[in-house]
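Visitor: Take a look and give me a structure for this.
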Amino acid sequence: MPEPKAEDRVKIAEGFHEHAQFPNVIGALDGKHIRVKKPPHSGSRYFTYKQYFSLVLMAFADSTYKFIIVDIGAYGSTADARILSSSRMGERLRANQLALPEPRMLLGSARPPAPFVIVADEGFALTPHVMRPFPRRNLDDSRRMIKYRLS
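Guide: Below you'll find the model as predicted:
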């Protein structure tokens, strides 16, 4: 798959703003377990907490659910955050090598420009470019709304 350029990521962010009213989002990230038969001599590496054998498809998707970047083949026993961290895309994200657009002002905001981010679920770590929901406990209405929109 061709890697998106900075201008492609801006178009993706415009799609998230239009479809989900979520500005500066350049992709949604998650892992999907793909069931497989137990590979020979693999021990428990492919055995997932869901009690079956699997490979993991880790993907960034745009606002129309199209894959932008994929990583395929991680062991089913590996957590999403670890898969991202050890993948090429995770390494490049940490090293600021993903051609992210420059931060920009949010409409109606007087605050400093906001960075472009990837949205993910609670299985991922919060980083400068990965936004995840608030923990489930003690949410006020505004945090509950943000959690709902991220989901």
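Visitor: burial count for the residue nearest to residue 4 when sequence neighbours are not counted?
Guide: For residue 4, ignoring the flanking residues on the chain, the nearest one in space by CB to CB, 6 or more residues apart in numbering is residue 68 at 5.7 Å. (Each C-beta comes from the backbone N, C-alpha and C, glycine too.) Other residues lying near residue 68 total 21 when counted by other CB atoms under 10 Å.
Visitor: can I assume residue 68 sits in a strand?
Guide: Yes. Judged by DSSP: H, G, I helix; E, B strand; the rest coil, residue 68 forms part of a strand.
Visitor: need the contact list for it.
Guide: Neighbour list for residue 68: 1, 4, 12, 27, 59, 60, 61, 62 [criterion: CB atoms under 8 Å, 6 or more residues apart in numbering].
Visitor: how does it look with 6 Å?
Guide: 4, 27, 60, 62 (CB atoms under 6 Å, 6 or more residues apart in numbering).
Visitor: Got the phi and psi for the last one?
Guide: Here the main-chain torsion angles of residue 62 (degrees, to the nearest 10) amount to phi -90, psi -170.
Visitor: ok, for it, nearest residue in space, not its chain neighbours?
Guide: Using CB to CB, 6+ apart, the closest residue to residue 62 is residue 12 (4.7 Å).
Visitor: Reduced to three states, what does the one you found come out as?
Guide: Under three-state DSSP, residue 12 comes out as helix.
Visitor: distance of it from residue 121?
Guide: In this view, residue 12 and residue 121 are 19 Å apart by CB to CB, to the nearest Å.
Visitor: The two: who's more crowded?
Guide: Between residue 12 and residue 121, counted using other CB under 10 Å, residue 12 has the larger neighbour count: 24 against 14.
Visitor: Let me know whether that one touches residue 24 as I believe.
Guide: No. If you go by CB atoms under 6 Å, residue 12 and residue 24 don't touch, sitting 10.4 Å apart.
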